[in-house]
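Enquirer: Sharing a model that was predicted from the sequence below.
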Amino acid sequence: ITGEYGSLPYEDLQLGLTAALKRYSYIDETRAVAFPYDSNRKKTGGKPTVHRSFSEHDAGGFTPYENPHAYKKFNPINHIVNWSQPMSIIHGELDYRVPDIQGIGAFIALQRRGIPSRML
């Protein structure tokens with residue numbers, strides 16, 4: 001997973017959801033969502049439409065200046081063009097792990113693209 005925070009963990013999420021859908025008939029695929037927090041948002045936020053059930057995207061032991069390629073590759077901002085599903089952004093200034101401007105920025109991007117979205 002180290003260095004692949006936007007790909008391998010996301011693939012795990014997809015495989016897990018696919019397995020759960022096969023095993024549990026009461027799960028409605030059209031209503032399933034991912035509720036990430038903190039850095040786990042990177043696992044889904046950059047690719048919300050790859051698996052239609054996900055509506056939302058961890059750095060692996062390096063900083064942006066040590067491995068700028070990985071940060072650029074998996075930065076959700078670089079994948080906004082692929083966003084199309086409605087999203088709900090839940091964020092607050094008391095979440096000290098992620099600046100509130102990041103949630104606001106994602107919401108503004110959704111609104112500008114005309115994607116149904118709400119921010120709480």
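Expert: Structure's in. What do you need? Numbering: from 1, shown residues only.

Enquirer: Tell me the buried residues in the longest helix seen in the chain?
Expert: Across the chain, the longest stretch assigned as helix under DSSP state H is helix 8-23. Going by neighbour count (16 or more other C-beta atoms under 10 Å), the buried part of helix 8-23 is 9, 10, 13, 14, 17. All C-beta spots, glycine's among them, are computed from the backbone N, C-alpha and C.

Enquirer: In contact with the residue in the chain sticking out farthest from the centre, which residues?
Expert: Most distant residue from the mean C-alpha position of the chain: residue 25, 25.3 Å away (C-alpha atoms, centre = their mean). Applying C-beta atoms under 8 Å, 6 or more residues apart in numbering to residue 25 gives no contacts.

Enquirer: pLDDT for the buried residues of helix 8-23 - can I get that in TSV?
Expert: Below are the buried residues of helix 8-23 laid out as TSV (pLDDT from 0 to 100):
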residue	pLDDT
9	71
10	73
13	79
14	81
17	86
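
Enquirer: List the first helix or strand encountered after the lowest-mean-pLDDT helix or strand in the chain toward the C-terminus.
Expert: Least confident helix or strand of the chain, by mean pLDDT, DSSP states H and E, is helix 42-45 with a mean of 48. Later in the chain than helix 42-45, the nearest helix or strand by DSSP states H and E is helix 68-74.

Enquirer: ok now that next one, how far from the chain's centre?
Expert: 15 Å (C-alpha atoms, centre = their mean, to the nearest Å).

Enquirer: Okay, buried residues for that helix please.
Expert: Applying 16+ other C-beta under 10 Å to helix 68-74 flags 70, 71, 73, 74 as buried.
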